[in-house]
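Student: Below are the sequence and a predicted model for it; my questions follow.
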Amino acid sequence: MFLDLILVVGLLTGCQTVYFWDLSQLYPRRFEKLPLGVPVLAGALLAGGAMWLPCHLFWRYLALVVETMFCLLITFRNVKLVEKLLFSGLFSLILLCFHGVAIPLLSTLGRMNMYRWMTRSHVVEALLLALVLSFTFLMMARNWCPPEKWKPLLRCDHQKMLLCGAELPLLAYLLLESGVYYYDVPFLWTPMFHLITSLVALAVLCMVVWYALDVSAYIEYELKTRQVEKQLQRQLVHYQQYTRHISEVRAFKHDYKRMCATLQNLVNSGAKEKALNLLGQMTSEMERQFEDTPFSNHLVVDAILRECASRCREAGIQFSAVANLPARIGMNDLELCRIFGNLVENAYEAVSQETCPERFLEVSSGVSGNWVTVSIVNSYTGDLKLGEDGLPLTRKKDKSFHGLGLRSVRQLVEAHGGFLQLEVDQQRKVFMVRLHFCCQPEEQQQN
């Protein structure tokens with residue numbers, strides 16, 4: 001008996017180690033210095049003891065779900081409730097499917113029905129076979145759907161809810177069907193029927209997981225495509241503004257020759273006062289034509305801010321921006337385009353929904369040591385609600401393709417060692433986003 005318990009706990013530890021190792025690629029560890037095997041082994045001991053209890057299979061797998069959620073809680077940080085239900089239910093459902101395969105398979109090979117197999121204390125043999133099959137399946141699944149494919153799913157709430165909604169009826173059906181183990185059913189086709197339904201449930205689970213991953217990847221791709229299209233539109237607007245500016249300069253150059261000739265005639269005729277007035281007007285017009293104050297020292301960021309400034313000017317929105325970024329910020333043009341494009345677009349959409357004349361959008365920056373802080377402040381209207389991750393919830397109807405901008409920005413900034421801060425002033429109706437970039441050391445930048 002003791003040897004059987006050690007085998008069950010050992011195989012369960014192996015399955016959960018593979019499972020949790022993949023999850024460690026998705027979530028930050030709660031205790032970085034604590035080896036991953038410690039909480040997994042502790043959870044496997046609890047689950048192994050629960051699976052060993054002489055009770056109905058329903059209570060055993062309910063204990064397994066609770067144990068997996070407990071391991072997720074003590075091992076990882078920033079795991080939402082729906083994600084705990086998702087991954088704990090997924091692991092338990094995989095094991096339950098193979099348990100439903102092992103019991104009828106062994107009972108058929110032993111030439112007895114499943115009731116007699118369960119009453120003759122062959123439960124451990126079926127559980128060991130189910131754990132071996134589950135371990136093999138998890139190892140194969142790592143190649144089929146690596147952790148990178150799960151990241152878009154974790155950013156799509158609809159697909160997470162869909163997967164949880166599919167797991168619940170499958171888990172309930174298999175647990176209810178397991179009641180056949182405890183009744184002496186004389187039909188010979190009962191083990192085969194139970195075996196087929198367990199395999200069908202596993203196939204349905206794989207199809208739903210594949211569908212959720214595929215749809216999440218498509219949504220992520222669609223979002224990035226829309227971001228690229230917006231950037232191309234910004235570049236087109238920037239090019240049109242530049243072309244219009246060149247045309248105005250050429251027209252002014254053409255008129256400048258005439259004005260110089262007129263000015264010379266006024267001086268020759270002795271009309272000095274008129275000449276001075278004309279010279280002042282020429283100077284003011286020249287300053288207006290050639291005025292080109294950049295909003296940023298980075299060309300891509302400056303193009304984004306210029307396009308936003310043009311739209312704010314047309315909409316009557318107060319706009320000001322100074323975003324100077326050092327060269328050692330460690331981000332390429334595409335990353336900066338995604339960050340500032342998302343934030344500026346979100347701020348403009350929030351401000352444009354207001355009707356009061358005091359609406360504004362401000363961008364500022366500052367440098368302190370190796371840290372660069374960029375603040376984007378805007379007014380807003382209505383109620384601003386924050387989600388479980390601390391980010392504002394989108395107020396658009398098409399939630400599948402919106403609300404992911406700030407998540408994308410936070411991931412990009414954190415990937416380069418920085419962090420994102422949000423501040424909401426409900427009384428003044430002011431929303432602030434602060435980006436803290438960690439710059440590379442000067443020695444590393446020179447290398």
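Tutor: Received the coordinates, thanks.

Student: so Ile376, which of the three states?
Tutor: strand (DSSP: H, G, I helix; E, B strand; the rest coil).

Student: The spatially closest residue to it that is not a sequence neighbour pairs with what?
Tutor: Spatial nearest neighbour of Ile376, chain neighbours left out: Val433 (4.7 Å); criterion: C-beta to C-beta, 6 or more residues apart in numbering. In short, each C-beta sits where N, CA and C put it, glycine included. In this structure, Val433 bridges to Ile376, Leu422 when assessed by DSSP bridges.

Student: Quick check: Val433 touching Tyr380?
Tutor: No: Val433 is not in contact with Tyr380 according to C-beta atoms under 8 Å; the separation is 11.9 Å.

Student: More neighbours: the two, which one.
Tutor: Taking other C-beta atoms under 10 Å, Val433 and Tyr380 do not tie; Val433 has more neighbours (22 against 19).

Student: how far away is Leu171 from Leu105?
Tutor: Distance, Leu171 to Leu105, by C-beta to C-beta, to the nearest Å: 21 Å.

Student: which helices and strands does the top helix by length along the chain pack with?
Tutor: If you go by DSSP state H, the chain has its longest helix at helix 189-268. Other elements packing on helix 189-268 under the criterion 3 or more C-beta pairs under 8 Å, 6 or more residues apart in numbering; DSSP states H and E are helix 81-109, helix 114-119, helix 147-154, helix 157-177, helix 272-289, helix 299-315, helix 333-352.

Student: Dump those into JSON lines; add mean neighbour count as well.
Tutor: Formatted as JSON lines, these follow (neighbours: other C-beta atoms under 10 Å):
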{"stretch": "helix 81-109", "mean neighbour count": "21"}
{"stretch": "helix 114-119", "mean neighbour count": "18"}
{"stretch": "helix 147-154", "mean neighbour count": "17"}
{"stretch": "helix 157-177", "mean neighbour count": "17"}
{"stretch": "helix 272-289", "mean neighbour count": "13"}
{"stretch": "helix 299-315", "mean neighbour count": "19"}
{"stretch": "helix 333-352", "mean neighbour count": "20"}
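
Student: so can I have JSON lines of those showing distance to Ile74 and mean pLDDT?
Tutor: Converted to JSON lines, the helices and strands packed on helix 189-268 look like this (distance: least, C-beta to C-beta, whole Å; pLDDT from 0 to 100):
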{"stretch": "helix 81-109", "distance to Ile74": "12", "mean pLDDT": "84"}
{"stretch": "helix 114-119", "distance to Ile74": "33", "mean pLDDT": "63"}
{"stretch": "helix 147-154", "distance to Ile74": "20", "mean pLDDT": "85"}
{"stretch": "helix 157-177", "distance to Ile74": "21", "mean pLDDT": "86"}
{"stretch": "helix 272-289", "distance to Ile74": "65", "mean pLDDT": "73"}
{"stretch": "helix 299-315", "distance to Ile74": "42", "mean pLDDT": "84"}
{"stretch": "helix 333-352", "distance to Ile74": "34", "mean pLDDT": "86"}
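
Student: Figure out which of the ones you listed is closest to Thr190.
Tutor: Closest to Thr190 of the helices and strands packed on helix 189-268, according to C-beta to C-beta: helix 114-119, at 7.0 Å.

Student: Check which element follows the closest one along the chain.
Tutor: For helix 114-119, the succeeding helix or strand toward the C-terminus, using DSSP states H and E, is helix 123-144.

Student: Dump that following helix to CSV, keeping only the CA atoms.
Tutor: Output in CSV follows, covering the C-alpha atoms of helix 123-144 (Å, rounded to 0.1, in the frame of the first residue of the first chain):
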residue,chain,number,x,y,z
VAL,A,123,-8.1,1.3,-8.5
VAL,A,124,-4.4,2.0,-8.1
GLU,A,125,-3.6,0.2,-11.3
ALA,A,126,-6.1,2.3,-13.2
LEU,A,127,-4.8,5.5,-11.6
LEU,A,128,-1.2,4.7,-12.4
LEU,A,129,-2.1,3.9,-16.0
ALA,A,130,-4.1,7.2,-16.2
LEU,A,131,-1.1,9.1,-14.8
VAL,A,132,1.3,7.5,-17.3
LEU,A,133,-1.0,8.4,-20.2
SER,A,134,-1.5,11.9,-18.9
PHE,A,135,2.2,12.4,-18.6
THR,A,136,2.8,11.2,-22.2
PHE,A,137,-0.1,13.5,-23.4
LEU,A,138,1.3,16.5,-21.6
MET,A,139,4.8,15.9,-23.1
MET,A,140,3.3,15.7,-26.6
ALA,A,141,1.1,18.7,-26.0
ARG,A,142,4.2,20.9,-25.3
ASN,A,143,5.1,20.5,-29.0
TRP,A,144,1.6,21.0,-30.2
